[in-house]
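Colleague: build me a structure from this.
(one chain, ligands or ions: 1)
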Amino acid sequence: MSNADRNTPGNKNPSEEELASMSQEELARLGTNLDDVDVIFRRNRWPAKGTKAEKRAERQIAFWFALSGLSALAFIAVFLFWPWEHKSLGEEGYNLYNWATPLYGLTFGMAILSIGIAAVLIAKKMIPEEIAVQQRHDGPSDAVDQKTSVALLKDAYDTSTIGRRNMIKLSAIFGVGTFAVAAPVALAGGMVKNPWADGDDSPLWTSPWDPDYPGQTVYLRRDTGRIDDIVLVRAEDLDAGAMETVFPFKEEWRGDLYKLRYSLRHQYAPVMLIRLRSSDTARVVKRQGQEDFNYGDYFAYSKICTHLACPTSLYEQQTQRILCPCHQSQFDALQYAKPVFGPATRALPQLPITVDEEGFLVARGGFIEPVGPAFWERPNYTEIPDLGERES
Ligand code: FES
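Modeller: Okay, the predicted model is just below:
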């Protein structure tokens, strides 16, 4: 009801004194009337107190709140203590690692779902059954509306009988309270776990392309679908304008299925090897400090998008653009793979390559900048460090 409606003759607007003297029930009824709400049916869920059915309903609600609290506690424990570092298939701890992400989802989802179910049960089993019809009206709320709204909420709380049900109240405090603690734990988790515990060898600084010792040869290999099928890439293997995804291979890994699998499955391993047409190579703009990273017409760029780490799977040879299908970032292969469209803001890291005496394409070192998307400690480049150095 608008203020204008209330001031028309026939509409009784209670005075301050009348409002102050009204009971909560009267205020609640007044609130519905003033809001043009007609309660045409209302029935308490439990007219007789202490029945078995009532206690069962109470236990059901308490169960879901308690389950929410336990799930939230489990989420906190999983997030903080469950092994999360990547393990490859067959490696010790693989099963535990493999369960980490499902357990995050399962425990956090269960905590939310349980609160939702408890809320639905309260509505269905505690709050009085009611059918009300309300006329819609516009305008700001005045003091009467505010006061009667509060009374209505209190009335709903009282008539739901939650106030005298300690089991539900305590379980709700446990469930919702623990969930409130669990929700920000993901934010705090990064401060508890130290991603830089390994110093220069920390996972975000390194990739399988890094030599294990100075002078180690790191070959470019194909993935033929068989881990132990080592097919190395030669300079003449690609046609002009072609692109191929390649992975690192070190002779020391031959016969070691774990290392071979690691080199193919590691998130920073895939590299796009592009052979430009010679006429296009002549137009290439090289990044300062990376002038000798290519081998003739061959350019190797990380395949991991610098936006959100999707694989930049597409190379369009007419425009020399590398496309990321996730959010349509485009990188110019003629300009050190710098982003020219879309949300990515950094160039794809370029792998320095050359050819060994047998004609195989090899890396001249690892990436000189972190692969993939931004992270807090990632430096903002003003100049590119010398080949072989890794910034810290
Ligand atoms: S992940 Fe590549 S554009 Fe978003």
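Colleague: so where does Lys147 fall, helix or strand?
Modeller: Using DSSP states H and E, Lys147 falls within helix 143-159.
Colleague: list the buried residues in whichever helix or strand comes after that helix.
Modeller: Next along the chain after helix 143-159, taking DSSP H and E as the criterion, comes helix 166-182. For helix 166-182, the neighbour count (16 or more other C-beta atoms under 10 Å) marks 168, 171-172, 174-176, 178-179, 182 as buried. In this view, the C-beta of every residue, glycine as well, is placed from N, C-alpha and C.
Colleague: need the max-distance pair from the residues you listed.
Modeller: Largest separation among these by C-beta to C-beta: Ile168 and Ala182, giving 20.6 Å.
Colleague: give me the distance from stretch 345-365 to the chain's centre.
Modeller: Centre-to-centre, stretch 345-365 and its host chain are 33 Å apart (C-alpha atoms, centre = their mean, to the nearest Å).
Colleague: for it, buried residues please.
Modeller: 346-354, 360-365.
Colleague: repeat for stretch 21-36
Modeller: 22, 27-32, 34-35.
Colleague: export those residues to CSV and tack on pLDDT and secondary structure?
Modeller: CSV is the format used below for those (pLDDT from 0 to 100; DSSP: H, G, I helix; E, B strand; the rest coil):
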residue, pLDDT, secondary structure
Met22, 87, coil
Leu27, 85, helix
Ala28, 81, helix
Arg29, 81, helix
Leu30, 83, helix
Gly31, 81, helix
Thr32, 80, helix
Leu34, 77, helix
Asp35, 73, coil
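Colleague: wait, which of these is closest to Leu70?
Modeller: Nearest to Leu70 among the buried residues of stretch 21-36, with distances taken as C-beta to C-beta, is Ala28, at 36.3 Å.
Colleague: burial count for the residue nearest to Arg321 when sequence neighbours are not counted?
Modeller: Sequence neighbours aside, Gln330 is the residue nearest to Arg321 in space, at 4.8 Å (criterion: C-beta to C-beta, 6 or more residues apart in numbering). For Gln330, the neighbour count with other C-beta atoms under 10 Å is 18.
Colleague: do I have it right that Gln330 meets Leu314?
Modeller: No: taking contacts as C-beta atoms under 8 Å, Gln330 lies outside contact range of Leu314: 9.3 Å.
Colleague: mind listing the shared neighbours of these two?
Modeller: Counting by C-beta atoms under 8 Å, 6 or more residues apart in numbering, the residues touching both Gln330 and Leu314 are 322-324.
Colleague: quick one: end-to-end distance for stretch 312-324.
Modeller: 4 Å (C-alpha to C-alpha, to the nearest Å).
Colleague: which SS state does the closest residue to the ligand within the stretch 101-250 of the chain fall under?
Modeller: At 15.7 Å from the ligand, Thr245 is the closest residue in the stretch 101-250 of the chain, using C-beta to the nearest ligand atom. Judged by DSSP: H, G, I helix; E, B strand; the rest coil, the three-state class of Thr245 is strand.
Colleague: with adjacent residues omitted, what lies nearest to it?
Modeller: Pro270 (5.3 Å).
Colleague: rewinding a little: export the shared contacts of Gln330 and Leu314 as TSV, with columns for secondary structure, pLDDT and distance to the ligand.
Modeller: Output for these, formatted as TSV (DSSP: H, G, I helix; E, B strand; the rest coil; pLDDT from 0 to 100; distance: C-beta to the nearest ligand atom, whole Å):
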residue	secondary structure	pLDDT	distance to the ligand
Ile322	strand	97	10
Leu323	strand	96	9
Cys324	coil	96	3
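Colleague: which of these sits closest to Met126?
Modeller: Taking C-beta to C-beta as the measure, Met126 sits nearest to Cys324 out of these, at 51.4 Å.
Colleague: doesn't Ala309 make contact with the closest one?
Modeller: No: if you go by C-beta under 8 Å, Cys324 and Ala309 don't touch, sitting 9.6 Å apart.
Colleague: those two: which is more packed in?
Modeller: Cys324 (27 against 15).
Colleague: residues contacting that one?
Modeller: 305, 307, 310-314, 330-331, 342, 344.
Colleague: in PyMOL, how would I select the buried members of these?
Modeller: A single PyMOL command is used to select the members of the contacts of Cys324 judged buried by 16+ other C-beta under 10 Å:
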select buried, resi 305+307+310+311+312+313+330+331+342+344
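Colleague: which bits of the stretch 201-350 of the chain sit near the ligand?
Modeller: Neighbours of the ligand within the stretch 201-350 of the chain, by C-beta under 6 Å from any ligand atom: 305, 307-308, 310, 324, 326-327, 329, 342-344.
Colleague: hmm, 5 Å instead?
Modeller: Proximity of the stretch 201-350 of the chain to the ligand (C-beta under 5 Å from any ligand atom) is limited to residues 305, 307-308, 310, 324, 326-327, 329.
Colleague: I'd like those written out as TSV, with distance to Leu96 added.
Modeller: Below are these laid out as TSV (distance: C-beta to C-beta, whole Å):
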residue	distance to Leu96
Cys305	29
His307	31
Leu308	26
Cys310	27
Cys324	32
Cys326	29
His327	33
Ser329	35
